[in-house]
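Q: 3D, please:
(one chain, ligands or ions: 1)
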Amino acid sequence: MLKEWPPRYDRSYIPSPDAKFWNKELETMASEEREQKVILPKLQAQLRYAYEKSPLYRKKWDSAGVKPEDIRSLEDFEQIPILFKEEIRQDQRENPPFGGNLCVSLEELGRVQGTSGTTGKPTAFGIGKDDMERIAEAHARIMWGFGVRQEDIVFIGSFFSLYWGSWGTLMGTERLGATAFPFGAGVPGQTDRAIDWMKEVRPAVFYGTPSYSLYIAERAKARGIDPAKDFNFRVLFFSGEPGAGIPSTKKRIEEIYGGICVDTGSTAEMAPWMTNGECECRQGMHLWQDIVYAELVDPVTKKRVPYGKEGATVYTHLERNSQPMIRFWTGDISMWVNDPCPCGRTYPRLPKGIYGRADDMFIVRGENVYPSAIEDVIRGIKGFGDEFRIIITREKTMDELIVQAEYAKDVDSGVVPQLKEKLEAELKARGLRTIVQMVAPDTLERTEFKAKRVIDKRDLYEEFTKQ
Ligand SMILES: [Zn+2]
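A: Just a heads-up that it's a prediction; the model follows:
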């Protein structure tokens, strides 16, 4: 089925408006058939290309003792070593600005995009002109899948900067032949203007972050405007935050706006980032595996996990000739399934969206625990302050989980024992046996960046026992 690699798409192609699929054959074929006939050949071509053109991959794979021709199946593909964000950063420092996986010449580049750099120096991506067309094609196809059509006006309510979200949406909208309304975000007074325009232009599709859509709704209501009646949104789709995949948030957005809430998005490195994308049935993000190949792996052993299990996402481009990412580790945690979706597409799905970060996860008594889950509980009880620590120790062979939490400044010291009991009970109700230690306000250290809230003392114990 692979005619040429990287593929070139017919830019004039548009399905008929009542067609459910952009590419019915590809989207509905049996998933094993698609793996053999489409994904594997594309993957092999991508690997050969990357090995030939990229010093980064050649060096990395040579030292792992694996060559593209060794990869004869998707199982073999697990031999290719995982690529970490820190390697990309390091490589870009050594080979500025784009690093050793830029596989095209400067004349072939069409765009510079990047990461936001919230956790370090931003990463720069050189996007080739041909890749921009393929990204637009992929996004149009996925947007079609959640119901965007040519007659629609797509309101893009997010930043136009290095941030990929807005640009990726704009490219997909234009390729699909819908009308783009690139409104942007972040300028003082812009939210009120957005509300005015939403009432007047009545766009049918909204793109932004879930939290911004909720903020717009709040402002609209304060002005006596009902988003469900006075706006005209049929589809609201999101990336950049996990909210659109969290059932309670999804329901809230749908109730407020009266349109469907669609979750999309992998990560900036992986543009076309919409290849994690829900269809209009909203049963969790489909993994559009013939565009970007996604795997879920055990966060510790890095072995692929079966469907029905939780793992960390690892992504591989299948049609990028500029800066392809091969087995890129994002650190995002999700759970995948491969059972049928009512839409008829045969792509695996992430029914709970992306709900955690592997970097933050720890294992206590065989259970995976995310600090975010503990944070949720603490924040849900009145009387606790902002800061807390999680300390894991080992008594003989048993793990002990200690949560140190500050009580709020306005709390009477008499109720502190009750707070301790309440937190222990609520954590226990969630399957976490903990010892809560209450500490006075401002006791725990604050940092300007991401606080390190988990202290694992078990390694120390193991070192002692080895001696
Ligand atoms: Zn579906």
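
Q: wait, what's in contact with S158?
A: 165-166, 169, 184-185, 207-209, 212, 240 (C-beta atoms under 8 Å, 6 or more residues apart in numbering). For glycine as for every other residue, the C-beta is placed from the backbone atoms N, C-alpha and C.

Q: can you tell me how far it is from I374?
A: Per C-beta to C-beta, to the nearest Å, S158 is found 31 Å from I374.

Q: I381 now?
A: Distance from I381 to I374, by C-beta to C-beta: 12 Å.

Q: and the spatially closest residue to S73 that is not a sequence neighbour, what element?
A: Distance criterion C-beta to C-beta, 6 or more residues apart in numbering; nearest residue to S73, sequence neighbours excluded, is L40 at 6.9 Å. L40 belongs to helix 40-53 when assigned by DSSP states H and E.

Q: buried stuff in that helix?
A: In terms of neighbour count (16 or more other C-beta atoms under 10 Å), helix 40-53 has its buried residues at 40, 42-47, 49-51, 53.

Q: please name the residues that touch the spatially closest residue to T123 that is not a sequence neighbour.
A: Of all residues beyond its chain neighbours, the one nearest T123 is T115 (4.6 Å), with distances taken as C-beta to C-beta, 6+ apart. Applying C-beta under 8 Å, 6+ apart to T115 gives the contacts 122-123, 162, 268-269.

Q: quick one on the thing from earlier: quick one, which of I381 and I374 is more surrounded?
A: In terms of neighbours (other C-beta atoms under 10 Å), I374 is the more surrounded of I381 and I374; the figures are 23 against 12.

Q: follow-up on the earlier one: how near is the residue nearest to T123 to E86?
A: 13 Å.

Q: is the residue lying closest to L162 once chain neighbours are set aside in a bridge, and if so with what?
A: Among residues not flanking L162 along the chain, G114 sits closest, at 3.9 Å (C-beta to C-beta, 6+ apart). Beta-bridge partners of G114, counted by DSSP bridges, are A124.

Q: right, and G114 touches G126 too?
A: No - under the criterion of C-beta atoms under 8 Å, G114 makes no contact with G126, lying 10.0 Å away.

Q: how about the strands in the stretch 151-300 of the chain?
A: Here the stretch 151-300 of the chain has its strands, by DSSP state E, counting those that start in this stretch, at 153-156, 179-181, 205-208, 235-238, 260-263, 276-277, 285-287, 292-297.

Q: helices of the stretch 251-400 of the chain, start to end?
A: 371-379 (DSSP state H, counting those that start in this stretch).

Q: and it, which of its residues are near the ion?
A: By C-beta under 5 Å from the ion, the residues of the stretch 251-400 of the chain that approach the ion are 279, 281, 341, 343, 345.

Q: what's the most distant pair in these?
A: Comparing all pairs in these by C-beta to C-beta, the longest separation belongs to C281 and R345, at 9.0 Å.

Q: so between these two, which is more surrounded?
A: R345 (22 against 17).

Q: what's the closest non-adjacent residue to the more buried one?
A: E27 (4.8 Å).

Q: report how many residues lie close to the residue in the stretch 101-250 of the chain that the ion sits nearest to.
A: The ion sits closest to G145 of the stretch 101-250 of the chain, with a gap of 7.4 Å, by C-beta to the ion. Number of residues near G145 (other C-beta under 10 Å) recorded here: 25.

Q: same check on A228?
A: The burial count for A228: 14, using other C-beta under 10 Å.

Q: tell me the residue furthest from the middle of this structure?
A: Most distant residue from the mean C-alpha position of the chain: G414, 44.0 Å away (C-alpha atoms, centre = their mean).

Q: what stretches of the protein score poorly on pLDDT?
A: For the chain, applying pLDDT under 70 flags the ranges 1, 116-121, 447-452, 459-467.

Q: recalculate using a threshold of 50.
A: 448-450, 461-467 (pLDDT under 50).

Q: let's see the longest helix along the chain as CSV, backbone CA atoms only.
A: Secondary structure of the chain per DSSP state H: the longest helix is helix 129-145. The C-alpha coordinates for helix 129-145 follow below in CSV (Å, rounded to 0.1, in the frame of the first residue of the first chain):
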residue,chain,number,x,y,z
LYS,A,129,7.5,23.0,3.9
ASP,A,130,6.5,19.5,2.9
ASP,A,131,5.9,18.5,6.5
MET,A,132,3.7,21.5,7.0
GLU,A,133,1.5,20.2,4.2
ARG,A,134,1.4,16.8,5.8
ILE,A,135,0.6,18.3,9.2
ALA,A,136,-2.3,20.3,7.7
GLU,A,137,-3.6,17.2,6.0
ALA,A,138,-3.5,15.1,9.2
HIS,A,139,-5.2,17.8,11.2
ALA,A,140,-7.9,18.3,8.6
ARG,A,141,-8.6,14.6,8.6
ILE,A,142,-8.9,14.4,12.4
MET,A,143,-10.9,17.6,12.6
TRP,A,144,-13.3,16.1,10.0
GLY,A,145,-13.5,13.1,12.4
